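Engineer: Model the following, please.
(4 chains)
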Amino acid sequence: MFLINCPYCGERDQSEFSAGGEAHIERPKQPTELSDDQWAEYLFMRKNIKGVQFERWNHAHGCRKWFNMVRDTSNDKIHAVYKMGEKPPIK
Amino acid sequence: MTRNLRITNNKFIDQTSRISFKFDGKTLYGFKGDTLASALLANNIHLVGRSFKYHRPRGIMTCGSEEPNAILQVGNDPSMTEPNTRATEIELYEGLVASSQNCWPSVNFDMGAVNNFFSPIIPAAFYYKTFMWPTNFWKLYEYFIRKSAGLGKSPTEPDKDIYDHRYLHCDVLVVGGGISGIMAAKIAAKNNLNTVLIDDKNVLGGTTLFQQNECFKINNSYSNEWIKKEIETLNSLKNLTIKTRTSLAAYHNYNYLLARENLTDHLDLNEKKDKIRQRLWKIRAKKVIIATGAMERPLIFNNNDRPGIILSYSIKKYIDYYGVKCGQKISLFTNNDSAYETAISLSNSGVSVNSVVDIRDKTNSLIVNQVEKLGIKIHWKSTVVNTNGYKKINSIEIMKLSDDGTAVVGKKIKEECDCLGISGGWTPRVHLFTQAGGKLKFRDEDNVFLPDTTELDQISIGSCNGDFELDNVIKNSVNLTNKFLKINNNNYENLEIISSKEIEKKNIWLLPSNKHLGKTKSFLDFQNDSTANDVKLALREGFKSIEHVKRYTTTGMATDQGKLSNMHALGIIAETAGVKMGELGTTTFRPPYTPLTFGAIVGRNVGEFFDIIRKTPMHEWHIENKAEFENVGQWKRAWYYPIDNENMYEAVQRESKAARDSAGILDASTLGKIDIQGSDASEFLNRVYTNAWSKLEIGKCRYGLMLNEDGMVYDDGVTTRLSENHYLMTTTTGGAANVLSKLEDYLQTEWPELDVYLTSVTDHYGTISICGPNSKKILSKIIPDLILSDKDFPHMSFKNALIDNINCRVMRISFTGEHSYEINIQSSYAKSVWEKCFEAGKEFNITPYGTETMHLLRAEKGFIIAGQDTDGTMTPVDLHMDWIISKKKYDFIGKRSLYRSDTIREDRKQLVGLLTEDPNEILEEGAQVVAETNKQPVEMLGHVTSSYFSPNLNKSIALAVVKNGKKLKGQKMFVPMKNKIINVTVTDTVFLDKENKRLNA
Amino acid sequence: MLNFNTPISDTKEYSEIKISEVEPILKINLRGKNRDFITKIGKELSIITPVEPNTSSSNEKLNLLWLSPDEWFLYSNTKIDVKVGRVLEDKLFNEISKLKIGSVTNVSDHWIMINLKGAKIFELLSAGCPFNFNNFKNSKGAVTQTLINHTDVIIHNKNIDDLNLFVRRSFSEHLWSWMNDSARFI
Amino acid sequence: MKNKYSIFSLIKNAFSYHENWQRAWRDPEPKKEYDAIIIGGGGHGLATAYYLAKKHNMTNIAVVEKSWIGGGNTGRNTTIIRSNYLWDASAGLYDHALKIWEGLSQELNYNVMFSQRGVMNLAHNLQDVRDLQRRTHANRLNGIDAVYLNTKEVKKFCPIINTSPNIRYPVLGGTLQRRAGTARHDAVAWGYARGADDMGVDIIQNCEVKGIKRNGDSIEGIETTKGYIKSKKIGVVAAGHSSVIANMVDLKLPLESKPLQALVSEPVKPIIDTVVMSNAVHAYVSQSDKGELVIGAGTDAYVSYTQRGSHDVVEGTLKAILELYPIFSRMKMLRQWGGIVDICPDASPIISKTHIKGLYFNCGWGTGGFKATPGSGDLFAHTIANDEPHKLNADFNINRFVSGDLVDEHGAAAVAH
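Structural biologist: Just a heads-up that it's a prediction; the model follows:
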């Protein structure tokens, strides 16, 4: 069970959170202008990185805020958390 | 009781309180403080089980959780019996009943032992090479294999015991209450750290507790006396919590640990009742100190598995702690100094030690000299090449080792004995360290894997960190703890320690014998019966990876999870393959450290607490009125209300008819309700629903369909505009939580510019739906001041109202096609209003209906239920709901997906109605629809999603999704059942009141 | 008159634990993002809006709990007459929601309030709650939202060994029986 | 040719103390070039190599495995085999596999212990009932032996299930496929490896792929820890690590790799002789020949390559087990572990060409790949050999995520199996 530092509420048990997949995949502003391929890229295609990944989490059973997390998927180590709209603190 | 096996001057066992217990049907006696194993040994019982494969007689071999042989069935009540329990871990209690496993008819005469005779043709993994002929006979072979496999027996009735969970947060968790753990816990607690110390035994102190030997002294006291004083001082530390009988089961990432506390297993049978049996502690520790000690290794030589062959240090514990002699004429066989401690203890207790067989060249350590002084014979540079005795060892055969240790030389000496203590050195218990992801390093000098690097805030101290000698254990434990906790003041300065030093080290993983290797049986994994030869066979056949060898030979996969066998297996692999052990690595240690009952893992989440039960404000009323309930998510919803002896069909027919003939009433409180406020509320709805919202007038309601981004229908419901910037959205019962979190997600991440706030009010309101031609009259009785004319209060509109001065919202919306109203009122008053509706509706025979009738009524009107008529593959177009897709809106969730090459196909599966040729024939939901009957295999065009007998139309009706369904209207199709084919006609989805006249009736 | 019904309306006592449902009090959910909103609430309620996470502020009548950076939970200390409550709710709604600076939603019946008193209440909670109460315990006014036995709750530390716990109404009976069952073993 | 395994060969070898057994497979160094390379030495990869050699005469091929063969999901799954899938495409694929399973031990001369003890899926709510009935009807019309059982029949088939109407989610019915069952996972990998090796396939262990060399839109070879190996055709069967390989050629796949956990109890005498799966209460259980209860837990919701999952998932699973089998409360968990499963959005696999010539992917099996092993290998071999899918895997192409023509098996796969 991870110990996740919610950027709003502080350290909490993983059971209070839900995972939301890869971060920084912005919903296209003009979906109708995309090809089927481009739309599929947004909808389904994922980097699924082994290593440092940027991803979305929600403090679902706490403040209900979404935030971003930098986590190494090869050892589950959380390097940083940051609020939605903020720039990642790590490259 | 065999008196002479028990010594009397023992401090740990209360020899005044005698306990009776049963083993294999025989009543025996032990004392308070005994384990089942020590009590059995005191009764001179060694043979307690049969091995897994060859059914060889096996005896108690250890005194702890690594015991491979003495695993017993405890208890004979079918609900309370427990298989595979280690005799070495069970504290004796009055009324204990235990029996041997895996033997028939008895452990003394076991028919399965015939396998031992066949052992030459059943080497490791033989089963992959045979049982393939005749082709279909595997089932039969397997039947017998299964019967002979397995160990104990599962209970056959539900457990009566209670289990529990507790979360615990601490600064420092110390695992292991031996000398290192005690010192570490004391340092931590004294320095104001919130500290927890756990140990799996019933007392703290570890092996030091019974180490009374001239060679091991601290500040001029015996080490056992010193540790006793230390333990006493712990009790006064206010920051320290001590948990004994608590075994660390799993060490997960982020210093999340699970520990099982045994609360009643040691109590007398009649004291166990109504107490929590085991508690699982879920511990979150800032820092973890592992002080789990080391395990003694066996030695691997021919016939090393006979009853009476016991690890040397266990013999010491049995004599020094339990006061039990494992034998009267004991021989010892070792490759290190620790067996000499045993020799001294035995000798001090008056047990004669035949000799010590030591594979090393003569050595002169303090403790060896002491043994020599006692006049005990030592066979230097020698090995045991064989043992004799079928059910109990009676002699050993000793030979000299060659200089390189690979062969034996000279004459064989036979030595009679009734017990052989063996010691192959020590293995640090690094299991927890590696469970937590720590990496190990190998120390060549004494062949041990030691903790190296870790990502977590943890250290290992004491012998689990490779310190085996008293002075090193103390000094290094203190230093490491201080450094780890960043503490400067040393609490253990100037200790004067006497500790015997081991000078000579030597190790041979597989000891040579005078026989051909193929003729010997040198066991590695005692429980699974895998031998050194098995490992060598695996290597010969190309199984090179240690994981392959483990799986091929099953070494290390028994209930002790290889605690005793792993190191030797690795050693033999490395030796045979010519690789260094450090490069070979180890197999993965997986949780739990010792087997953990399902009960403890689940805690009290059983029975009524298996899952949350959600209830509506009217729940009690439904119960009083004999409703049957349906589970919808976690909700209990009234399903139907049988009267007298009605079955579901009859009740639903009656309810459906009443709702259309006069008035029906439904508890709709479970629908999700989301309060939406903010200046961009309309724009927000435009984006989440397929249809347009900006022009919805205040006071009006609108049906909305919500899609996933993949264009498939996700949820639906009616949303009401309460004021300019204020809406109330309803969702499906099952979708409520997901819809709210999805909407929050879009607001927070994709559209943060929108000024919109969402608040769940699902539980705030009770929702009462009244439908039917008399619903208006009933409502007017409840809220007389409300003008209910179609002009003032038309379909799809809402009014604020007061019922007895309590605010409520009345929506005129309909899911049945009838004239109907939905009253939303604060939950505290909902039951009262519900009852008022009955009073008012009495004259109209108002009939409560449940979810089943609701489903039937809406099906008559062709309204879909998301999740039943859709399955995540249906677009609104597929549902004939093109009308709800705004053509003007630039975008909404899922819009783009509706224009992909597959979603614009015109022959997709589409929602249709089906009528059976025989109006009394009700289709089965889930039945498939086909166009042809004489083809095999036949193309399945779709399936029935909803099907009922409609009492209002007096015929069976069904909804289905069918390929190209829109174009098939009027066509004959077939629904093939197991025994017959049902003829159907494709129709429109609306069966009743196509003109919607009833809405305003 | 309509009858008032709550799912629990009971008090139970165990060794050093007393649990009881407290009813009926006013509860309002407040949401807003900007300064205007924060100062407005403070003014309307004569209470300081807590902006520090996991905290609350209280006056004689009301408690205002931080739930998230844009969400607060208001509840009254005592039973408030329906009419008086409505006046307060309307006032807030008119001053906040109508003026487009946030939202005001009555959630009085969405939540059930359970009061826990006694020296062992945190042991009771720890039987099903992963939250670390070590510091929370000692800080008066602390607030947390977490899970107890898989159920969402808001916990407000009123005083030493005295806290108010809010659980959604439809879940409340289940949590109540779980708490009673757990309390037997504390 | 390898020596045949049988009871006679066991007796014969007993006389020489089993010292003369042949190696099950060689341990070759990689050649400079192969006609095809399979990345991933799990069951699917080894089966692919086996069928390439056996049915398509491609024997100059290699399987490269970064660790030891069969050590990934092959050796970590709960070995359930069934074919009672909803959609025609899935039913076709899995039943193709099931038919091969039925003769696999003899075909490979390696006892994979395929045990047709039946798989039962339980329904706990009305929608479950509808879904399972729908599946049963579809199965019947597809020629798959599934029957629907009412609660009484469920109890009769597996008497230890708690079918009381008073439990939280009572058993309302179930489906049973009798031809379904379990097999010995390690033996499948080893049997295929031995068979493939016998036909000349090089199985190269401890050989990690570090890069893929391509020339424009064609594949040229792979960089490995054992050097560069040339090949014009590369089949990737790397399960949880599929995306890692795909990223080497800048290919994004519709996959997420998530932890899936499983556990076994201590062994006991036979107590449950079928496989029971439950969607709604999220538990499935069978008993191995050794006597251990084999219990599958669910996946976690986040991407992880650690082969570890969260404890809550294990707790949730055992909670469900005790709800359905309260007699197991005193049974003990002996061992738990995790695997990395690559999951497609529609819970169906990909067996497909890619836009890069000579690069093929077999992935996305999620929680249910083991059962497909022989069929998957056979069809993937066909796809690689002919550069064209077989009709049974045509629907499982990558392009379906663009067109929207998904094979949505969430109903069947909502519970990990």
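Engineer: Name the residues of chain A found near chain D, please.
Structural biologist: A:1-2, A:14-15, A:18-19, A:21-22, A:36-37, A:40-41, A:43-50, A:53, A:55, A:71, A:73-76 (Cβ under 8 Å from any Cβ of the partner chain). Every C-beta, even on glycine, is put in place using the N, C-alpha and C of the backbone.
Engineer: filter those to the buried ones?
Structural biologist: Neighbour counting over the residues of chain A next to chain D (16 or more other Cβ atoms under 10 Å in any protein chain shown) leaves A:1-2, A:14-15, A:18-19, A:22, A:36, A:40-41, A:43-50, A:53, A:55, A:71, A:73, A:76 as the buried ones.
Engineer: Tell me which residues touch B:Val652, please.
Structural biologist: Residues touching B:Val652, when contacts are defined by Cβ atoms under 8 Å, 6 or more residues apart in numbering or on different chains, comprise B:640, B:849, B:852-853, B:856, B:948.
Engineer: 7 Å - rerun?
Structural biologist: The contact partners of B:Val652, by Cβ atoms under 7 Å, 6 or more residues apart in numbering or on different chains, come to B:640, B:852-853, B:856.
Engineer: Any chance of those in JSON lines with secondary structure, pLDDT and neighbour count as columns?
Structural biologist: Listed next are the contacts of B:Val652 as JSON lines, based on DSSP: H, G, I helix; E, B strand; the rest coil; pLDDT from 0 to 100; neighbours: other Cβ atoms under 10 Å in any protein chain shown:
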{"residue": "B:Tyr640", "secondary structure": "strand", "pLDDT": "98", "neighbour count": "26"}
{"residue": "B:Glu852", "secondary structure": "helix", "pLDDT": "97", "neighbour count": "22"}
{"residue": "B:Thr853", "secondary structure": "helix", "pLDDT": "98", "neighbour count": "29"}
{"residue": "B:Leu856", "secondary structure": "helix", "pLDDT": "98", "neighbour count": "24"}
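Engineer: how deep is the residue of chain A at minimum distance from chain B tucked in, by neighbour count?
Structural biologist: Nearest to chain B in chain A, going by Cβ to the nearest Cβ, is A:Pro31, at a distance of 3.6 Å. The local packing of A:Pro31 (other Cβ atoms under 10 Å in any protein chain shown) involves 21 other residues.
Engineer: got it, and the one 3 residues further on?
Structural biologist: Number of residues near A:Leu34 (other Cβ under 10 Å) recorded here: 15.
Engineer: now do B:Arg540
Structural biologist: As a burial measure, the neighbour count of B:Arg540 was computed by other Cβ under 10 Å and equals 16.
Engineer: and the nearest residue to it once chain neighbours are set aside, what does it touch?
Structural biologist: By the measure of Cβ to Cβ, 6 or more residues apart in numbering or on different chains, the closest residue to B:Arg540 outside its immediate chain neighbours is D:Trp21, 6.0 Å from it. The contact partners of D:Trp21, by Cβ under 7 Å, 6+ apart, come to B:537, B:540-541, D:13.
Engineer: so which of these is the most crowded?
Structural biologist: Highest neighbour count within the contacts of D:Trp21: B:Leu537, with 24 neighbours (other Cβ under 10 Å).
Engineer: In a helix, that one, correct?
Structural biologist: Yes - membership of B:Leu537 in a helix is supported by DSSP: H, G, I helix; E, B strand; the rest coil.
Engineer: isn't it right next to B:Pro123, touching?
Structural biologist: Yes - under the contact definition of Cβ atoms under 7 Å, B:Leu537 touches B:Pro123, with a separation of 5.6 Å.
Engineer: what about B:Asn354, which SS state?
Structural biologist: Going by three-state DSSP, the secondary structure assigned to B:Asn354 is strand.
Engineer: Can you report how many residues lie near it?
Structural biologist: Other residues lying near B:Asn354 total 19 when counted by other Cβ under 10 Å.
Engineer: In this structure it contacts B:Glu415, no?
Structural biologist: Yes - counting by Cβ under 7 Å, B:Glu415 is a contact partner of B:Asn354 at 5.7 Å.
Engineer: shared neighbours of the two, anything?
Structural biologist: By Cβ under 7 Å, 6+ apart, B:Asn354 and B:Glu415 have these common neighbours: B:Ser331.
Engineer: Please list the residues outside the helix or strand hosting B:Asp534 that contact it.
Structural biologist: Taking DSSP states H and E as the criterion, the element that holds B:Asp534 is helix B:532-540. Helix B:532-540 is touched from outside by B:123-124, B:300, B:510, B:517-518, B:522, B:524, B:548-549, B:552-553, B:555, B:569, B:572-573, B:576-577, D:18, D:21, with contacts defined as Cβ under 7 Å, 6+ apart.
Engineer: From the contact counts, what lies against the very next helix or strand once past it?
Structural biologist: Past helix B:532-540, heading to the C-terminal end, the next element that is a helix or strand (DSSP H and E) is helix B:546-553. For helix B:546-553, the elements it packs on are helix B:532-540, helix B:566-577, judged by 3 or more Cβ pairs under 7 Å, 6 or more residues apart in numbering or on different chains; DSSP states H and E.
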